[in-house]
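Novice: Sequence first, then the predicted structure, then my questions.
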Amino acid sequence: MDTNLVYAPLCIFHIGLEFNICKLDTSYLCNSEITDLEERIAAKIFPPLSYSYQFWMKHSEISRFSAKLAVQVKGICGSDKMLFWLGVLNAWGSVGQGVQSIAQWSR
């Protein structure tokens with residue numbers, strides 16, 4: 001796989017991912033109780049971010065190992081970015097898919 005296809009999603013992930021990216025007023029509500037959740041997601045998670053959030057693990061998984069890639073991935077997995085990513089997956093209703101990806105990737 002082209003190394004740019006591996007590193008681009010990781011860079012976008014690092015730069016774009018933040019705590020409470022959808023600017024929710026509280027984390028104590030279920031997604032179904034947030035009337036404007038879809039609008040918040042559309043306004044805050046642009047297509048390049050969306051792609052990165054969905055496929056960064058897959059890109060990392062199918063690429064050849066390199067020390068540079070390992071540092072990038074460790075920077076995600078060893079930081080609060082992982083929790084922020086799970087928050088985005090939760091907003092999409094895809095946490096289970098994310099956990100499954102983590103399990104496959106960690107083998």
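Specialist: Here it is on my side, so go on.
Novice: Let me see the ranges of the helices in the chain.
Specialist: Ranges of helices in the chain, per DSSP state H, are 3-16, 37-44, 47-62, 67-77, 81-92, 95-105.
Novice: Pick out the residue nearest the middle of the chain.
Specialist: residue 53 (3.2 Å; Cα atoms, centre = their mean).
Novice: how near is residue 45 to residue 71?
Specialist: 25 Å (Cβ to Cβ, to the nearest Å). To be clear about C-beta, it is placed using only N, CA and C from the backbone, and glycine gets the same treatment.
Novice: To clarify, my last question referred to residue 103.
Specialist: 22 Å.
Novice: Equivalent analysis for residue 34, please.
Specialist: Residue 34 is 36 Å from residue 71, by Cβ to Cβ.
Novice: between these two, which one's more packed in?
Specialist: residue 34 (17 against 9; other Cβ atoms under 10 Å).
Novice: I'd say the more buried one and residue 24 touch.
Specialist: Yes. Residue 34 is within contact range of residue 24, at 6.6 Å (criterion: Cβ atoms under 8 Å).
Novice: what is in contact with those two at once?
Specialist: residue 40 (Cβ atoms under 8 Å, 6 or more residues apart in numbering).
Novice: Show me the shaky parts of this structure.
Specialist: 1-4, 104-107 (pLDDT under 70).
Novice: rerun at 50
Specialist: Filtered on pLDDT under 50, the chain yields no residues whatsoever.
Novice: closest one to residue 29 among the helices of the chain?
Specialist: helix 37-44 (9.3 Å; Cβ to Cβ).
Novice: Next, the angle from the closest one to helix 3-16.
Specialist: Using axes from the mean of the first three to the mean of the last three Cα atoms, to 10 degrees, the inter-axis angle of helix 37-44 relative to helix 3-16 is 110 degrees.
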